[in-house]
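Chemist: this is a predicted model, with the sequence first.
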Amino acid sequence: MANSAFGIDLGTNNIKIYSKADDSIMIEKNMIAIENKNTLFAYGNSAFEMYEKAPGNIHISYPLCNGVIADIKNMETLVKFFINDLTKGNVKGADYYVAVPTDITEVEKRAFYDLIKDANVKAKKIMVVEKAIADGLGMDIDVKNAQGVLLVNVGYDTTEISILSLGGIVLSHLINVGGKKFDEAIRSAVRKEFSLIIGGKTAENVKISLRDLEQEGKGAVVYGRDIVTGLPVEREIPTSLVDEALYEHFSTIIDNIKVILERTPPELAADIYRHGVYFTGGASQVSHLGELISKGTGLQVNMAEQPIASVAIGLSRIIKDDNYKSVAYAIEGMGK
């Protein structure tokens, strides 16, 4: 067995890479900054620092969109540089385990395989793992034996709702609602209510700090541009406004969970009722979302301890434990 192995979870917002060599998980922003259309200027967290602040000749983008690779060239560059950073420039032949969403086309799955193959990272073997299964393993569910597990992963661009049973996926649905939509809802509510334009990062910070602000009974202080005067201003946004803005998207997620539950075979439904919903993903921590899902479905919600890293933790278990190797599959010749 190759000594060197990596588990890669490509999210729209964050890229998570597990490295077997030092048994660690690297979490960086999945962003790239290109100067004058052809020069790499920054990548990862440093590109995110410049986001919404860069001059016109520096283009900052997310190479992933709605769970699939939108910009393969830049995504290859990112993977190459991150693997290079992890191996300190000494890239040796390694096995790669890549997590992919279930509810995407075969061609889109193939793109994840081609990405690693063409990223110049000396891949000996490339294996694909369904994201929901890696998520389950990352949340300490024995996916090979567990029956009827409902797993909801709320990411930045998408929410994946899956039913797992005996190491496979019975049903899976990917919807385009996630942290990004939450941020946009906050921005548009603030614009409508206060005639104030705020940036995406500001909206994200409001979303993240919402729970703490509600506990302290404070509003969120934001800085932005007044539409009327065009001048920069500071405003305090009541948390109730933010809650209202997010409610519509929360409802969409809950409705889609119900649709999946309606299509679930009755025996599995009984297991799900006993175990509840397993809830993970970077945007799953937003205030009230877990409680509303529990209320809307009547199921208890089991929150992931490390929601952003749960897929990468699952991939690390597959790499380390031969018992779980069978959930990964090769994609060679796929889609021919």
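Modeler: Nice, thanks for sending it over.

Chemist: pop out the phi and psi values for the closest residue to Ile17 other than its chain neighbours.
Modeler: Excluding the flanking residues, the one nearest Ile17 by Cβ to Cβ, 6 or more residues apart in numbering is Met26, at 4.9 Å. Every C-beta, even on glycine, is put in place using the N, C-alpha and C of the backbone. Torsion angles at Met26 (phi, psi; degrees, to the nearest 10) stand at phi -100, psi 130.

Chemist: also the one 3 residues further on?
Modeler: Taking degrees, to the nearest 10, you get phi -70, psi 140 for the backbone angles of Lys29.

Chemist: that one touches Asn13, doesn't it?
Modeler: Yes - the criterion here is Cβ atoms under 8 Å, and Lys29 meets it with Asn13 at 6.7 Å.

Chemist: find residues that contact each of these two.
Modeler: With Cβ atoms under 8 Å, 6 or more residues apart in numbering applied, the contact sets of Lys29 and Asn13 do not overlap.

Chemist: picking up where we left off before, who's in contact with the residue nearest to Ile17?
Modeler: The contact partners of Met26, taken as Cβ under 8 Å, 6+ apart, are Lys16, Ile17, Tyr18, Ser19, Phe82, Asp85, Leu86.

Chemist: next, count neighbours for Ile331.
Modeler: Neighbourhood size, Ile331 [other Cβ atoms under 10 Å]: 18.

Chemist: could you look up the SS state of the spatially closest residue to it that is not a sequence neighbour?
Modeler: Closest residue in space to Ile331, ignoring its immediate chain neighbours: Tyr113 at 4.3 Å, by Cβ to Cβ, 6+ apart. Classification of Tyr113 by DSSP: H, G, I helix; E, B strand; the rest coil places it in helix.

Chemist: how close does Tyr113 sit to Tyr156?
Modeler: Using Cβ to Cβ, to the nearest Å, one gets 23 Å for the distance from Tyr113 to Tyr156.

Chemist: now Ile116
Modeler: With the distance defined as Cβ to Cβ, Ile116 ends up 21 Å from Tyr156.

Chemist: Thr280 now?
Modeler: Thr280 is 13 Å from Tyr156, by Cβ to Cβ.

Chemist: neighbour count: those two, which is higher?
Modeler: Taking other Cβ under 10 Å, Thr280 and Tyr156 do not tie; Thr280 has more neighbours (28 against 23).

Chemist: nearest residue to the more buried one in space, please, no chain neighbours.
Modeler: Closest residue to Thr280 apart from its sequence neighbours, by Cβ to Cβ, 6+ apart: Ala304 at 3.7 Å.

Chemist: pLDDT score for the one you found?
Modeler: pLDDT, Ala304: 96.

Chemist: can you pull the phi/psi pair for it?
Modeler: Ala304 adopts backbone torsions of phi -70, psi 140, taken as degrees, to the nearest 10.
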